[in-house]
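J.: Next input, structure requested:
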Amino acid sequence: QVQLVESGGGLVQPGGSLRLSCAASGSILSIYAMGWYRQAPGKQRELVARITTGTNTNYADSVKGRFTISRDNAKNTVYLQMNSLKPEDTAVYYCNSNPPNTYSVRGWGQGTQVTVSS
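T.: Residues are numbered from 1 along each chain as shown. The predicted model follows:
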């Protein structure tokens, strides 16, 4: 089983940038698709970005053109570069397989808090 640990969140002003990292305890090479998800207070968790082993990517309309997902299979790490951040991007960000908890992934990590505020 693979466990995931997210990091890189913080407080940033509108228009700022953050880079999130998701470190896996084991190989992600066999996980066809990895995703970054987020959950804002009072809202359901949503898929923000997805990347396949072939490095094809998909993004939610709300982040398209501002966020970039990437993966380094050698380091068992998935990244989310977030630029031009907006207050509505404020949420706890999680990584997981896509669909969640498939392949060798079991359970959600603790997530990393992103707060966009002036």
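J.: So what's the residue count around the nearest residue to residue 29 once chain neighbours are set aside?
T.: Among residues not flanking residue 29 along the chain, residue 73 sits closest, at 4.8 Å (C-beta to C-beta, 6 or more residues apart in numbering). Every residue, glycine included, has its C-beta placed from N, CA and C. Using other C-beta atoms under 10 Å, residue 73 has 16 other residues around it.
J.: Pretty sure residue 73 sits against residue 31.
T.: No - Residue 73 is not in contact with residue 31 according to C-beta atoms under 8 Å; the separation is 9.2 Å.
J.: which residues are common contacts for these two?
T.: residue 53 (C-beta atoms under 8 Å, 6 or more residues apart in numbering).
J.: Quick one: residues contacting residue 94.
T.: Counting by C-beta under 8 Å, 6+ apart, residue 94 has contacts 4, 6, 36-39, 45, 108-109, 111-112.
J.: correction: residue 55
T.: So residue 55 contacts 70-71 (C-beta under 8 Å, 6+ apart).
J.: quick one: secondary structure of it?
T.: Residue 55 falls in the coil class when you classify it by DSSP: H, G, I helix; E, B strand; the rest coil.
J.: What of residue 23?
T.: Under three-state DSSP, residue 23 comes out as strand.
J.: Who is it paired with across the strands?
T.: residue 5, residue 77 (DSSP bridges).
J.: any idea how far residue 59 is from it?
T.: For residue 23, the distance to residue 59 (C-beta to C-beta, to the nearest Å) stands at 22 Å.
J.: Which neighbours in the sheet does the helix or strand harbouring residue 94 have, and how are they oriented?
T.: Using DSSP states H and E, residue 94 sits within strand 91-97. Paired neighbours of strand 91-97 in the sheet (DSSP bridges): strand 33-39 (antiparallel), strand 112-116 (antiparallel).
J.: pLDDT of it, averaged?
T.: On average, the pLDDT along strand 91-97 is 97.
J.: And for stretch 27-39?
T.: Stretch 27-39 comes out at a mean pLDDT of 93.
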